[in-house]
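Chemist: Requesting a structural model of the entry that follows:
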Amino acid sequence: LQGSPLTTGLLLSTIMKLPPITLLYMTSPSLNPTLLTTLAIFSTALGGWMGLNQTQVRKILAFSSISHLGWMAIIIIYNPKLTLLNFYLYTMMTAAVFLTLNTIKVLKLSTLMTTWTKIPSLNAMLLLTLLSLAGLPPL
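Modeler: Sure thing, here's the model as predicted:
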């Protein structure tokens with residue numbers, strides 16, 4: 001995801017999750033819950049830990065994508081339809097982030113801080129969407 005343009009990154013982060021989510025959804029009654037929970041916890045932990053010390057926006061979003069797939073895998077054990085809702089919300093938020101970053105031409109967090117003066121309202125919405133993707137409770 002790091003070396004690709006933002007529109008390609010959007011497709012990799014959203015549309016490419018559709019086949020695995022579909023397979024998990026269709027086979028959810030027959031999946032081993034212990035194995036799926038273990039793999040989902042590893043995916044969530046890996047995505048969270050690896051994304052902590054990143055300055056490249058695309059790397060942060062890639063690790064966020066890994067982490068969100070883990071959360072969807074955990075949810076599918078208990079309520080498969082809730083996983084689909086989670087996927088739709090994740091897709092909308094990720095699309096908003098990628099399209100906003102593409103609009104303001106930002107690839108690093110340091111340059112994101114300097115674009116605040118150009119389009120303040122768009123940057124504020126981007127910040128709120130990023131915090132929502134990170135799982136901040138009120139968002």
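
Chemist: immediately after the longest helix along the chain, which helix or strand?
Modeler: Secondary structure assigned by DSSP state H gives helix 80-104 as the longest helix of the chain. Downstream of helix 80-104, the next assigned helix or strand under DSSP states H and E is helix 109-114.

Chemist: got the CA positions of that next one in CSV?
Modeler: Extracted C-alpha coordinates of helix 109-114, given in CSV (Å, rounded to 0.1, in the frame of the first residue of the first chain):
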residue,chain,number,x,y,z
LEU,A,109,1.6,13.3,8.9
SER,A,110,4.1,16.2,9.0
THR,A,111,2.7,17.7,5.8
LEU,A,112,-0.8,17.1,7.0
MET,A,113,-0.1,19.5,9.9
THR,A,114,1.0,22.2,7.4
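
Chemist: low-confidence ranges in the chain?
Modeler: Counting by pLDDT under 70, the chain shows low-confidence ranges at 136-139.

Chemist: Helices of the chain, residue ranges please.
Modeler: 6-13, 18-27, 33-50, 57-78, 80-104, 109-114, 120-134.

Chemist: which secondary structure elements does the fifth one contact?
Modeler: Okay, so that is helix 80-104. The contact analysis (3 or more Cβ pairs under 8 Å, 6 or more residues apart in numbering; DSSP states H and E) places helix 80-104 against helix 6-13, helix 18-27, helix 57-78, helix 120-134. Heads up, the C-betas are built off the backbone N, CA and C, glycines and all.

Chemist: if we can go back for a sec, which one of the helices of the chain is the most hemmed in?
Modeler: Highest mean neighbour count of these: helix 57-78, a mean of 20 (counted as mean count of other Cβ atoms under 10 Å).
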